[in-house]
Every structure is written in structure tokens, then in C-alpha cells.
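In: only geometry, no sequence info:
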């Protein structure tokens, strides 16, 4: 499963990066810490879980770009003490990203919209939801040739008729500069 995901992420990166003057691809791992959600008319806390994924950023103009994220979790927004045994999920979002280069470090801010999707057992508390996200982080590009590091924190707000959920995501990964 992970190999197919990685191959798809690289294919998307190559497709979008070829005609552009500047882009970067980040392969990342991290964790998601959710808040609570109303589930079966009861406020339920959701367990934290791991997340892996890829982010592709392309420039619109210098210092301003568009970024697409595709991430997967094998234990996504899992409600403890319920009959649910399997809750996987993925996130897809598109964001604007503003870079503020300072010497060899690039702090950035980002905000955008996307979709959270939870699957596995039936009767999952989150399901599929439209989500707004915001955050920022630090990029250390070209530490060794095109390779660098990236650290990211984001907040997500997903709303639906049955209530809203707020998530916090922290991640770090390998940044590959594409020029």
C-alpha cells in the first residue's frame, strides 16, 4: 500500500513540476492529535494517530506558491471504547503558501481547503468532511544537493451537520528541491 502511495505521489510531483521554474516535494511522517466529536449523541475524544504523506509545492511567483498534500493514516481519528476496530483515513488539501527566506532557512505560512476521509468499519464518527487548514513551519532546502528537511505544524477544522472537529498535525520530512 505504501509503495503505491509513494509511486503516485512521485508521479504527481513530476507531472506538476516539469513545466515550472521552481518546486519542491516533501515526503513526511508525523502525527495527528484530534479533539472531540459528537458520536451517537455523546461527546467522544478521539485517539491520536500516525500520518505519512507527500506535499508538492509549486511557485506562482517568487515566495508565493500552491501546495497539494496527500496523507494517509492507518489509525485515523479512532474512537476508543467503542465497537469500532478499524479506522483508517486520508487527507487531501490544496493551500496557498508564503515563503519568507532568511539565509538558508525558509519560514513559511500556509492556509487552504481540502477533504478528510475516514474509512474502515461501518458507523465511523468522522466519515468524509470538508476541512479548512492553516499552519506554518520551517524548510531547510538544499542541505545536500537537492535534499533538505522540512518541519510543519497545522491545524484543521472540519465541520458537518453533526458537529465539528479540530485537529492538530505535526510532521517532519525529507524536502526534495525540483528546478
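Out: Cool, the structure landed. No experiment lies behind these values; they were computed from the predicted model shown.

In: Next one: the residue found closest to residue 30 once you drop the neighbours it is linked to in the chain from residue 63, what distance?
Out: In this structure, residue 30 finds its nearest non-sequential neighbour in residue 171, 2.7 Å apart by Cβ to Cβ, 6 or more residues apart in numbering. For the C-beta atoms, the positions are set from N, CA and C on the backbone; glycine is no exception. With distances taken as Cβ to Cβ, to the nearest Å, residue 171 is found 22 Å from residue 63.

In: So which of those two has more stuff around it?
Out: Summary of the neighbour comparison: residue 171 and residue 63, criterion other Cβ atoms under 10 Å, with residue 171 having more neighbours (24 against 13).

In: How about the contacts made by that one?
Out: If you count contacts by Cβ atoms under 8 Å, 6 or more residues apart in numbering, residue 171 has them with 28, 29, 30, 31, 51, 53, 151, 152, 153.

In: Tell me which other helices or strands the host helix or strand of the first one touches.
Out: So the one you mean is residue 28. Counting by DSSP states H and E, the element that carries residue 28 is strand 23-34. Packed against strand 23-34, as judged by 3 or more Cβ pairs under 8 Å, 6 or more residues apart in numbering; DSSP states H and E, are the following elements: helix 2-17, strand 49-61, strand 147-160, strand 163-178.

In: Let me know the average pLDDT across it.
Out: Mean pLDDT, computed over strand 23-34, is 91.

In: Pull out the buried positions in that strand.
Out: 23, 24, 25, 26, 27, 28, 30, 32, 34 (16 or more other Cβ atoms under 10 Å).

In: Sheet-wise, list the partners of it with their directions.
Out: Sheet neighbours of strand 23-34, with direction, are listed as strand 49-61 (antiparallel), strand 163-178 (antiparallel) (DSSP bridges).

In: Adding mean pLDDT and distance to residue 128, write those out as JSON lines.
Out: Formatted as JSON lines, the entries for the strands paired with strand 23-34 read as follows, by pLDDT from 0 to 100; distance: least, Cβ to Cβ, whole Å:
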{"stretch": "strand 49-61", "mean pLDDT": "91", "distance to residue 128": "17"}
{"stretch": "strand 163-178", "mean pLDDT": "89", "distance to residue 128": "12"}
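
In: would you turn these into JSON lines with distance to residue 71?
Out: Listed next are the strands paired with strand 23-34 as JSON lines, based on distance: least, Cβ to Cβ, whole Å:
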{"stretch": "strand 49-61", "distance to residue 71": "3"}
{"stretch": "strand 163-178", "distance to residue 71": "8"}
